[in-house]
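> need coordinates for the following:
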Amino acid sequence: MRFVRWKNGDEVERYASADGARWTRLDGLPAGARLVDLAVPEGRARLVEPRLAEAPGAELDLTRAATVMDGGDIWGAGLNFLGHSQDLGADQPTSAPGSYLRPGSCLIDNAGTIELPRQSARVTAEAELGLVIGFPCKNVSRDGWRDVVAGVTAVLDLTAEDAIRENPRHIPWSKGFDTFCSIGPQLVTLDEFEDERLRSLTVSTVRNGEVVAAAPVSGMRYDLGRLVEHFTAGRTLAPGTVICTGTPGAAVINPGDRVEAVVDGVGRLGHPVT
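Got it, this is the predicted structure:
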């Protein structure tokens, strides 16, 4: 099942689709219901499936869909693909995934304009697969990761690369600028993907229509289960938290560019740069 958020003035609408083609608006939801609350099995059975049975739905253009995030934190795995470590001339981490935590204030909706900050002379954009946590969880085993993940989504992650080339300790600062992250346009529940299908998904960073870097999920150094195990170790992740799983490679972006994050079978994010 697939879910999107849509902004209609000050109102946020939520839609669901069983096939990704026809979307039903979810009216009359309980106050405070978030997308992730609808995507977990209990939410789907109680709040979504009856509405889908009643209303056939209609086509929905996801080009300007709102971010799927409406709660939780944004964690990221650094240098999880060999190609990205080569971009930076750095070695991949060998004992555990690289990691960072970024503020929610950096988020923009699909098609939102990326604003390059004057504090950086070299900004890169990176496509990633995102895991959306569905339940409060802590110390999750590698084999139990699917039990706590509600679904997957696409991520466009930006970095002030000159800052981390100067000093890797600047990673959180380099990723926290306004407009530096896009997550969506849809949340796809995990039951749509068996493990083999997930590993075969291709993640692509696209600039001005040209694929700059692409690789399957199977090309990650640390697989999805290991990432969930690592990021839940000793800390509780809240529902709605997104784990960004790493990029196959980065595209340097400049004013006038258009950059996209594409995850096959999951979604496409596209943004102009100014």
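> which element is Ser99 on?
Taking DSSP states H and E as the criterion, Ser99 maps to strand 98-102.
> just checking, next helix/strand downstream of that strand?
Assignment by DSSP H and E places the next element after strand 98-102 at strand 107-108.
> packing partners for that next one?
strand 181-189 (3 or more C-beta pairs under 8 Å, 6 or more residues apart in numbering; DSSP states H and E). The C-beta positions use only the backbone N, C-alpha and C, and glycine is treated the same way.
> who does the strand it packs on pair up with?
If you go by DSSP bridges, strand 181-189 pairs up with strand 2-8 (antiparallel), strand 107-108 (parallel), strand 149-160 (antiparallel).
> and the angle for it with strand 98-102?
On the basis of axes from the mean of the first three to the mean of the last three C-alpha atoms, to 10 degrees, strand 181-189 is oriented at 100 degrees to strand 98-102.
> alpha carbons only: can I get strand 181-189 in PDB?
Output in PDB follows, covering the C-alpha atoms of strand 181-189 (Å, rounded to 0.1, in the frame of the first residue of the first chain):
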ATOM      1  CA  CYS A 181      16.500  17.400   2.400                       C
ATOM      2  CA  SER A 182      13.500  16.000   0.600                       C
ATOM      3  CA  ILE A 183      11.700  12.800   1.600                       C
ATOM      4  CA  GLY A 184       8.900  11.200  -0.400                       C
ATOM      5  CA  PRO A 185       6.900  11.700  -2.500                       C
ATOM      6  CA  GLN A 186       5.200   8.500  -1.100                       C
ATOM      7  CA  LEU A 187       5.600   6.000   1.700                       C
ATOM      8  CA  VAL A 188       5.400   2.500   0.300                       C
ATOM      9  CA  THR A 189       4.600  -0.200   2.900                       C
END
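> show me how far that strand is from its chain's centre.
5 Å (C-alpha atoms, centre = their mean, to the nearest Å).
> picking that back up, what's the most buried one of the strands paired with strand 181-189?
Ranked by mean neighbour count, the strands paired with strand 181-189 are led by strand 149-160 with a mean of 27 (mean count of other C-beta atoms under 10 Å).
> pLDDT below threshold where in the protein?
Along the chain, segments meeting pLDDT under 70 span 83-93.
> residues touching the strand holding Ser99, excluding its own?
Contact with strand 98-102 is made by 73-80, 171-172, 175-176, 180-181, 230-231, as judged by C-beta atoms under 8 Å, 6 or more residues apart in numbering.
> that one: partners in the sheet, and parallel or antiparallel?
Applying DSSP bridges, strand 98-102 is found paired with strand 74-78 (antiparallel).
> neighbouring contacts of the strand it pairs with?
93, 97-104, 106-107, 128, 157, 171, 175, 181, 183, 222, 227, 230-231, 237, 241-246.
> of the residues you listed, buried ones?
Buried residues within the contacts of strand 74-78, counting neighbours by 16 or more other C-beta atoms under 10 Å: 93, 97-100, 102, 104, 106-107, 128, 157, 171, 175, 181, 183, 222, 227, 230-231, 237, 241-246.
> if I look at Gly71, how far off is Phe3?
Gly71 is 14 Å from Phe3, where distance means C-beta to C-beta, to the nearest Å.
> what do you get for Ala58?
16 Å.
> same question, Thr67
Counting by C-beta to C-beta, the gap from Thr67 to Phe3 is 12 Å.
> ok, which stretches of the stretch 101-250 of the chain are strands?
107-108, 123-133, 149-160, 181-189, 202-207, 210-216, 242-244, 250-253 (DSSP state E, counting those that start in this stretch).
> what pairs with the closest residue to Arg25 other than its chain neighbours across the strands?
Residue nearest to Arg25 in three dimensions, not counting chain neighbours: Tyr15, with 5.4 Å by C-beta to C-beta, 6 or more residues apart in numbering. Beta-bridge partners recorded for Tyr15 (DSSP bridges): Val4, Arg25.
> my guess is Tyr15 contacts Arg22, does it?
No: counting by C-beta atoms under 8 Å, Tyr15 stays clear of Arg22, with 9.9 Å between them.
> the more surrounded of the two?
Counted by other C-beta atoms under 10 Å, Tyr15 and Arg22 do not tie: Tyr15 has more neighbours, with 22 against 15.
> so what's that one up against?
Applying C-beta under 8 Å, 6+ apart, the residues near Tyr15 are Phe3, Val4, Arg5, Trp6, Trp23, Thr24, Arg25, Leu26, Gly57, Leu60.
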